[in-house]
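1. just to be clear, the model below is a prediction. Sequence and coordinates:
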Amino acid sequence: MAVATLTSKGQITIPKEIRDSLDLRAGDKIEFNLEGGRLMALKRKTTRIEDVAGILSKYVTKTYSIKEMDEAVAEIFRQKYNK
């Protein structure tokens with residue numbers, strides 16, 4: 001059983017074995033619930049950019065430069081606001 005100590009500021013450090021088993025990393029969100037007098041801590045499902053990087057690459061047929069994207073956005077604004 002893993003044990004953590006509550007600090008005077010109300011903080012705890014999640015033991016390493018728990019962090020590792022849940023793949024917890026800095027910035028992850030943890031949800032706390034009370035159920036029947038018990039504290040439940042649940043890892044919130046978050047998606048990290050490194051986990052999804054390249055996932056849509058098989059659908060990319062053409063790449064665009066920043067200049068081309070800026071021009072496309074400007075054209076859409078012109079069409080929408082210069083009626």
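-> Sure thing, it's come through.
2. from now on I want contacts and neighbour counts done on CA atoms only, so please keep to that.
-> Noted.
3. what about Ser21, how many residues nearby?
-> Ser21 has 8 neighbouring residues, counting by other CA atoms under 10 Å.
4. try the one 4 residues further on
-> Burial of Arg25 is recorded as 9 neighbouring residues (other CA under 10 Å).
5. read off the pLDDT value for Ile76.
-> What the model reports as pLDDT for Ile76 is 93.
6. for Ile30, same thing?
-> Note for Ile30: predicted pLDDT of 89.
7. separation between the residue nearest to it when sequence neighbours are not counted and Asp23?
-> Leaving aside its sequence neighbours, Ile30 sits nearest to Lys43 (CA to CA, 6 or more residues apart in numbering; 4.6 Å). In this view, Lys43 and Asp23 are 9 Å apart by CA to CA, to the nearest Å.
8. do Lys80 as well
-> Here the criterion is CA to CA. By it, Lys80 lies 46 Å from Asp23.
9. sort out which residues of the longest helix along the chain are buried, please.
-> Secondary structure of the chain per DSSP state H: the longest helix is helix 66-81. Under the neighbour-count criterion of 16 or more other CA atoms under 10 Å, helix 66-81 has nothing buried.
10. just the CA atoms of that helix, as PDB, please.
-> Taking Å, rounded to 0.1, in the frame of the first residue of the first chain, the C-alpha atoms of helix 66-81 are listed here in PDB:
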ATOM      1  CA  ILE A  66       2.500  30.100 -43.200                       C
ATOM      2  CA  LYS A  67       2.200  32.700 -45.900                       C
ATOM      3  CA  GLU A  68      -0.400  30.600 -47.800                       C
ATOM      4  CA  MET A  69      -2.400  30.000 -44.600                       C
ATOM      5  CA  ASP A  70      -2.300  33.700 -43.700                       C
ATOM      6  CA  GLU A  71      -3.600  34.600 -47.200                       C
ATOM      7  CA  ALA A  72      -6.400  32.000 -47.000                       C
ATOM      8  CA  VAL A  73      -7.500  33.400 -43.600                       C
ATOM      9  CA  ALA A  74      -7.400  36.900 -44.900                       C
ATOM     10  CA  GLU A  75      -9.500  36.000 -47.900                       C
ATOM     11  CA  ILE A  76     -12.100  34.400 -45.700                       C
ATOM     12  CA  PHE A  77     -12.300  37.500 -43.600                       C
ATOM     13  CA  ARG A  78     -12.600  39.700 -46.700                       C
ATOM     14  CA  GLN A  79     -15.400  37.600 -48.000                       C
ATOM     15  CA  LYS A  80     -17.200  37.500 -44.700                       C
ATOM     16  CA  TYR A  81     -16.800  41.200 -43.600                       C
END
